[in-house]
Structure formats: structure tokens, C-alpha cells
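[1] Take a look and give me a structure for this.
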Amino acid sequence: MGTPSDAELLAAHRAGDRHAFRELDARYRNRLWAIALRTLHHPEDAADVVQEALVAAHRNAGSYRGDASVRTWLHRILVNACIDRIRRDSRHRTVPFPEVEPRDRSPDVAADVVTRLSVVEALAELPAHQRVAVVLVDVQGWPLHEVAEVLEVPVGTVKSRCARGRLRLSALLGHLREGER
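    You can find the predicted model right below:
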């Protein structure tokens with residue numbers, strides 16, 4: 001027997017297999033964390049939201065209707081958890097420094113750090129629905145139809161949210177282009 005599909009694992013979990021959901025967790029945890037981190041910009045928040053989403057999926061597996069793939073269902077739960085966290089989080093935090101140390105100490109390193117921090121700050125300024133769309137499409141490289149499925153909106157809405165988010169980012173990050181001249 002080959003590797004079970006996501007749907008087979010979820011069905012086994014629903015039938016009482018205590019190990020089936022662990023396999024789904026192992027398959028998707030890193031992908032979910034990458035999306036949460038890029039959406040929330042804080043490793044601790046990302047880890048919390050991924051855990052919340054996986055616990056919700058585990059507990060609510062019976063609500064899975066099979067309308068979408070298990071992957072899409074898990075991502076939808078995560079995106080909703082991220083949006084809830086953004087809406088709940090009224091704190092204005094400072095932007096953390098990147099966790100990875102620069103490899104070379106050329107003069108461009110400082111400019112790269114400033115650029116990264118500026119982008120993180122600008123993304124944080126976007127409304128949650130635009131931020132999620134921009135992160136999934138432009139940062140994660142997801143196809144528009146998959147983002148539409150996860151967000152449960154038409155493809156045109158995803159395009160619109162991305163366009164509005166990019167326009168706002170362009171205004172917020174215009175100072176970076178001026179520095180190139």
C-alpha cells in the first residue's frame with residue numbers, strides 16, 4: 001500500500017485512528033507556519049496561530065465536507081486564525097530584526113535590513129484581507145484560484161485585494177525607490 005492521501009488520513013482520523021492526524025500535521029505544519037509568519041511577522045504569534053489552527057482542524061474534522069481538498073481546508077482554517085489574530089491584536093509592536101545574520105558585511109547589508117524592516121512595517125499597515133491576499137499570492141506564490149478557494153471569495157476579489165494592497169505598499173515604500181536614484 002502506498003502513502004495515504006490527505007483525504008484518506010482525515011477519514012482515518014474521523015474514524016478514530018489516533019495517528020492519522022499526526023501525519024497531516026507533519027505534512028502541513030511547515031507550510032502553515034511559513035504563511036502565518038509572513039502574515040503576522042512574529043514567530044511566536046505564527047507558532048501560536050498554527051497550533052490553534054491545527055487544534056481546530058483536529059477537533060472539527062467532522063465538519064470537513066469534502067468541497068475542497070484537505071490542504072485547502074487546513075489553509076482556510078489557518079488564514080481565518082491569522083485574520084482573527086490581526087483583528088484581536090490591538091498592540092502596536094516594534095518590528096523585530098531578522099533572525100538570520102547577514103553572511104557578508106558589505107555596505108549593502110544595512111540597506112537590505114532597512115528594506116526588509118520597511119516591507120514588514122508596510123505589510124502590517126495593510127488591512128487583514130489585503131495582507132493575506134498579498135502574502136499568499138506575491139510572497140508565497142500561490143495561484144489566484146487557490147487563494148480564492150482558501151479565502152472563499154471569487155478570483156476577481158483576490159485580484160482586487162492584491163491590486164489595492166500593492167498600490168498601498170507602493171505608496172508606503174516609495175521612499176525605497178527614491179533611494180535608488
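
[2] in stretch 18-35, what's buried?
    20-21, 23-25, 27-29, 32-33, 35 (16 or more other C-beta atoms under 10 Å). C-beta coordinates here come from the backbone N, C-alpha and C atoms, glycine included.

[3] in what helix or strand does the nearest residue in space to Arg85 that is not next to it in sequence lie?
    Spatial nearest neighbour of Arg85, chain neighbours left out: Val49 (5.4 Å); criterion: C-beta to C-beta, 6 or more residues apart in numbering. Per DSSP states H and E: Val49 is located in helix 43-59.

[4] Of all the residues in that helix, which ones are buried?
    Neighbour counts using 16+ other C-beta under 10 Å place 45-46, 49-50, 52-54, 56-57 of helix 43-59 among the buried residues.

[5] contacting residues for the residue nearest to Arg85?
    36, 40, 78, 81-82, 85 (C-beta atoms under 8 Å, 6 or more residues apart in numbering).

[6] The residue most central in space within the chain is in what secondary structure piece?
    By C-alpha atoms, centre = their mean, the chain has its centre lying nearest to Ile35, at 2.4 Å. Element membership for Ile35 (DSSP H and E) is helix 20-40.

[7] okay, the angle between that helix and helix 43-59?
    140 degrees (axes from the mean of the first three to the mean of the last three C-alpha atoms, to 10 degrees).

[8] Helix 20-40 - what's its average pLDDT?
    For helix 20-40, the mean per-residue pLDDT is 93.

[9] can you pull the alpha-carbon coordinates of it into CSV?
    What follows is helix 20-40 as a C-alpha-only set of coordinates in CSV (Å, rounded to 0.1, in the frame of the first residue of the first chain):
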residue,chain,number,x,y,z
ALA,A,20,-3.7,9.8,11.1
PHE,A,21,-3.9,13.4,12.1
ARG,A,22,-0.2,13.4,13.2
GLU,A,23,0.7,12.6,9.6
LEU,A,24,-1.4,15.5,8.3
ASP,A,25,0.3,17.7,10.9
ALA,A,26,3.7,16.6,9.7
ARG,A,27,2.8,17.2,6.1
TYR,A,28,1.5,20.7,6.5
ARG,A,29,2.9,22.3,9.7
ASN,A,30,5.9,23.9,8.0
ARG,A,31,3.8,25.3,5.1
LEU,A,32,1.2,26.7,7.6
TRP,A,33,3.9,28.2,9.7
ALA,A,34,5.5,30.0,6.7
ILE,A,35,2.2,31.5,5.8
ALA,A,36,1.4,32.5,9.4
LEU,A,37,4.9,34.0,9.8
ARG,A,38,4.7,36.1,6.6
THR,A,39,1.2,37.2,7.6
LEU,A,40,1.8,38.0,11.2
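
[10] helix, strand or coil for Lys159?
    helix (DSSP: H, G, I helix; E, B strand; the rest coil).

[11] tell me the contacts of the closest residue to it other than its chain neighbours?
    Once flanking residues are discounted, Lys159 sits nearest to Leu144: 6.5 Å by C-beta to C-beta, 6+ apart. Leu144 sits next to 137, 155, 158-159 when contact means C-beta under 8 Å, 6+ apart.
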